[in-house]
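> coords please:
(chains A and B)
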Amino acid sequence: MYEEENEEAGFLRPLINAYSTLPLHGITAIPGKISGALMVVDAIQDAVPLIHGPIGCAFQRKINPFKPYMPFYETPCTDMNDLDVVYGGEDKLSQGIKETYEKYHPNLIVVITTCASDLIGDDFKAVIDETKANGDVGCEVVYTTGDFTAKSKPVGYQDALYAITDQMLCNGVKEEGMDKNEGSVNIVTFPIHGAGLKVEEMASVLNEMGIGINKVCFDHTTVKDLYELPKAELTITDYPMAWTKLMKKRMGIDYYATVRLEAYRDSKDAELLSPYGIEGSEMVFMEIAKRMNKEGEAEEVIDRRKREAIERLYEVRKGLEGKKVAYTGMGGLHSLEVMLLQDMGMKASVIIYNTRGLEQLLSKDAIREVLDISLEWARKYGSDPEILVNPNTEEAIKAMKRTGTDLAVLSSLNNAVHEINKEGIRTFNPLDFMLHHQRIGFECPIELAFQLNDALKKPERRDPLLCMLEYDNCRTNLIPHWAKLADIFMTLREGAIGDTDKATYLK
Amino acid sequence: MRYKQKMNNVEIKMREVLTYDPTQDCKLVGAARALGGIKDAVTIVHARPGCHCGVLLLRALGSNQNDIRIVGSGFRAQDMVYGAEGRLAAAIRLSYKNFKPGLIAVLNCSAPAIMGDDVEGVVRSMKEEIPAEILSLSTGGYEDPAWIGYEETLTELTRFMDNHDKKQRDSVNIIGFKTDEIKAYSDISEIERMLNSQGITVNAVLTNSSFEELKKALRASLNIVLGGDGLESAKMMQDKFDMPYVLTPYPFGLNNSMEFLECVTKGLNKEVNQEFITTERDRIKERIERIFLFLQGIYDISVAVIGDGARAFDLAKFLSDELCLNVKVLAITSRNLISQDKAKDNGDYFETILIEPDRFEMNEEIKSKGVEMIFGSSIEKKLAYELGAPLVRIFYPVLDEVSVSDTPYAGFKGTIQLIENIINSVIHNYAEI
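Numbering: from 1, shown residues only, chains lettered A, B, ... in the order given. Got it, this is the predicted structure:
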């Protein structure tokens, strides 16, 4: 059995999984900017939020939509009332900053504005400047409105990090005056994106290549750590971040997002979307080395590490090679399907495309592009899968049986996994893997191989109680009631509704 | 937090600083909670996505997951300029099409309220098209706290009540019941069982009834106001329809259960069925005999009770009078119309009372009092962890515990269940030594 080094395995993992099927994000609702901003503040140990708004914006947001099992316990607010909405909330904000400092003694207060304070036009910057100038607070104070990053998603998260960079890290600091940690990088991951801090192997590979690690965020990160971010030469993030671009512009610190959405847009090279697995990790390490002028040293290290990993992987994946696998087509994004084909040597038997939800976010062409990428990947690795677009459970099961599928890599978030199990087809939960295990490095595919082998040996689920329920024919994991909520949400979120003359709806 | 009053050896403390880490939600949530109990109502949250998501999340994690009827209006950033009346109309239309509700309630939240969306106008214009009642409520977060939203919503519902139905003898309505409390459904079953034992039937529950049943609320002979929540609507029904009401405790424990029945029977001019009470007392006695050593063991431990005004006083009284625990701190997270009086008049079962405290200050107070056990909500998880104290989740919101078994906390049956949970929480509380 593979020895997991994952501390979450025994305790947090089942807890996280218990909440992972909540059909919320983009399915029936969207968390607001306050929740995203609170994720940032919560990740900085010595920071405290101050919500400039009514009590509901503070109390309700204690429930963390990204981690419902872990509330935001500290959410002080300025208790904005109807008088403040008329006369302005600036005095309350100033007083709130002072009191927050006196109570919590933080090193950073992040003022999070709300609908009410945004709409009435409080001058947040002026209040903060004046309060600080009066000497009433002995810590940094920044504010986030959700408007700094042109609605980059997740808005609150992007915006709060941008605000910290803009108003604190790059505020008045000259690039030439900054101490440098030569030849070092920052590795910034965020729990909002899954496996987060599993960067030990990445750090070890980079070290061996002669690249130092300046900071790993967010891991017990303090305000002092944030101030030291600009000492690095390069900041590595998982997804493109507005704050890293700002740091490059202001302080010359280069950035690199491992999921290279921007580069993909220009080149249409799908490999740029797949930073995981053996090849994806090699690509990432080489790219970092190139940016750090360490290509020579890197080549030897990467070759050796890769060779060693492949040797072990080939041993472990023996039971997997040639096995037929059904999975959801993601166009390579998140890379699991690429790892199944490329690293595990499995064959795609059925690819399921769930385009519901995507239809509201992407154009038809973009959806087609995602589907094409998935199919191309499968063909590149010698598979000729059946393609199902928005199938119901019965159609999916029939296709899996017809093709002799050995394993269905499908999440309960989008699929009636219990029905598939009942029909004797074993399943593997990709969401669990993405949340807890997926990371850049050569060890990750080995871990995946162990887990897939385990999945193939799982006992049959003979009579899942979940099969007693009636499910929606289209949204196959949802009971009809939730499917209606999802349908209403999707319809109302459609761009067309907002852009159409409102009178149309009153007809 | 400063001492405000000292009466009968009880300290009453209220928040004096401006900054507030709140223990209560805003008007929107109070209204949504009231509406959530109307079995065929859809609630439309006309707000930015965060408010809709928050209300939906509270409901999905704290109530029946197969009965969520909360819809957002799809309000987007650009609507802050141009308004979202069109979206609201579409939301009403879609809500009707999908759920065929008896009632559609539009909750107008901070952003559209400040912008001045003509929600009333939209509602009026939709009434011709939609064959369901539609009402709108102003629930800007800055307006008032949750309990006011709750009171206003129940009061608004009285507007739909039909006064032409014939009164039914010994029939009651229950006011102040919330379906998103932990054990809500088993609690209401137990309350109904207790009432039935006295020859009393339940006509409607505000709110755990269909809209049609609520419209027929005036058939009942008496309104029961549980713990004081919804009192405004009971007063309104008394003034407008001559419908009497009684204020009862939330029936936590033996004494509160008996007092509950005494209040109701008195309100109906009936004698209490003492035989039933004797049987229930005997049953409780038989059960506690089985675990009396543990009851002796937890005797006198120091506890904090952190909950809403409608239920926390009554739980504290049960813990103090019957289980003989020391209620060091009673924190009323959210008031109602009778909380202030209760705090002043009945202070012999707690040492310190905090009224709608700032969470930071409340935690400091509890930490300073040697508290060994907490009765609160999921939000007290961290405090309990820091104190190494067991947490009994009994007050809203409970988001990390499910309750689908028929094991109430209320009433005679609930007394046993509460004792079982309390003892188990203490003896489960594991700490590596």
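
> now the helices for the stretch 101-250 of chain A?
Using DSSP state H, counting those that start in this stretch, the helices of the stretch 101-250 of chain A run over residues A:115-120, A:124-133, A:155-164, A:200-208, A:223-227, A:242-251.

> Quickly list the domain ranges of the chain.
Using chain A. According to automatic domain parsing, chain A comprises the domains A:28-169, A:177-303, A:319-467.

> nope, chain B
B:2-20+B:282-428, B:27-144, B:171-272.

> Name the spans of the stretch 201-350 of chain B whose pLDDT lies under the cut-off.
Low-confidence regions of the stretch 201-350 of chain B, defined here as pLDDT under 70, cover residues B:346-347.

> which residues sit in contact with the closest residue to A:G441 other than its chain neighbours?
Excluding its sequence neighbours, the residue lying closest to A:G441 (C-beta to C-beta, 6 or more residues apart in numbering or on different chains) is A:E201, at 3.6 Å. For glycine as for every other residue, the C-beta is placed from the backbone atoms N, C-alpha and C. Listed by C-beta atoms under 8 Å, 6 or more residues apart in numbering or on different chains, the contact partners of A:E201 are A:439-444.

> Which residues are in contact with B:L268?
Neighbouring residues of B:L268 by C-beta under 8 Å, 6+ apart: B:170, B:172, B:200, B:221-222.

> between those residues, which is closest to chain A?
Using C-beta to the nearest C-beta, B:V172 comes nearest to chain A of the contacts of B:L268, at 30.8 Å.

> The residue nearest to the closest one when sequence neighbours are not counted: neighbour count?
Leaving aside its chain neighbours, B:V172 sits nearest to B:L222 (4.8 Å; criterion: C-beta to C-beta, 6+ apart). By other C-beta atoms under 10 Å in any protein chain shown, the residues close to B:L222 number 22.

> Could you do B:D406 as well?
Counted with other C-beta under 10 Å, residues neighbouring B:D406 total 12.

> So it: helix, strand or coil?
coil (DSSP: H, G, I helix; E, B strand; the rest coil).

> Which single residue in chain A comes nearest to chain B?
Evaluated by C-beta to the nearest C-beta, chain A has A:G32 as its residue closest to chain B, separated by 1.9 Å.

> ok now do that residue, which residues does it touch?
Here A:G32 is in contact with A:61, A:156, B:48-51, B:53-54 (criterion: C-beta under 8 Å, 6+ apart).

> Show me the strands in chain A, by range?
Ranges of strands within chain A are A:47-52, A:108-113, A:140-144, A:184-188, A:212-217, A:234-237, A:254-257, A:324-328, A:347-353, A:386-389, A:407-409, A:426-428, based on DSSP state E.

> got the contact list for residue 350?
Picked chain A for this. A:V350 neighbours (C-beta under 8 Å, 6+ apart): A:326-327, A:385-388, A:396, A:399-400, A:403, A:405, A:408.

> To clarify, I was referring to chain B.
By C-beta under 8 Å, 6+ apart, the neighbours of B:F350 are B:10, B:305, B:316, B:320, B:327-330.

> ok, B:D165 touching B:R219?
Yes - using C-beta atoms under 8 Å, B:D165 is in contact with B:R219, at 4.6 Å.

> Looking only at neighbour counts, state which of the two leads.
Neighbours were counted for B:D165 and for B:R219 using other C-beta under 10 Å; B:R219 has more, 19 against 14.

> which residues sit in contact with the more buried one?
By C-beta under 8 Å, 6+ apart, the residues touching B:R219 are B:165-168, B:171, B:203.

> Provide the backbone phi and psi angles at it.
phi -70, psi -30 (degrees, to the nearest 10).

> Could you check how far it is from B:N203?
Using C-beta to C-beta, to the nearest Å, B:R219 is found at 5 Å from B:N203.

> repeat for A:Y353
From A:Y353 to B:N203 the distance is 52 Å (C-beta to C-beta).

> A:A18 too?
From A:A18 to B:N203 the distance is 39 Å (C-beta to C-beta).

> more crowded one of the two?
The residue with more neighbours, out of A:A18 and B:N203, is B:N203; 23 against 12, by other C-beta under 10 Å.

> wait, is the more buried one part of a helix?
No - using three-state DSSP, the secondary structure at B:N203 is strand, not a helix.

> Would you confirm that it contacts B:I175?
No - B:N203 lies out of contact with B:I175 (C-beta under 8 Å); the separation is 11.3 Å.

> Now do the shared contacts for these two.
Residues touching both B:N203 and B:I175 (C-beta under 8 Å, 6+ apart): none.

> tilt between the longest helix along chain A and helix A:200-208?
Determined from DSSP state H, the single longest helix within chain A is helix A:295-316. Interaxial angle of helix A:295-316 relative to helix A:200-208 (axes from the mean of the first three to the mean of the last three C-alpha atoms, to 10 degrees): 140 degrees.

> which residues are in contact with helix A:295-316?
So helix A:295-316 is contacted by A:2, A:205, A:208-210, A:278, A:282, A:285-286, A:288-289, A:343, A:442-443, A:445-446, A:449-450, A:453 (C-beta under 8 Å, 6+ apart).

> same thing with stretch B:251-261?
By C-beta under 8 Å, 6+ apart, stretch B:251-261 touches B:190-191, B:194-195, B:198, B:248-250, B:272, B:277, B:280-281, B:284, B:311, B:314-315, B:317-318, B:321-323, B:409-412, B:414-415, B:418.
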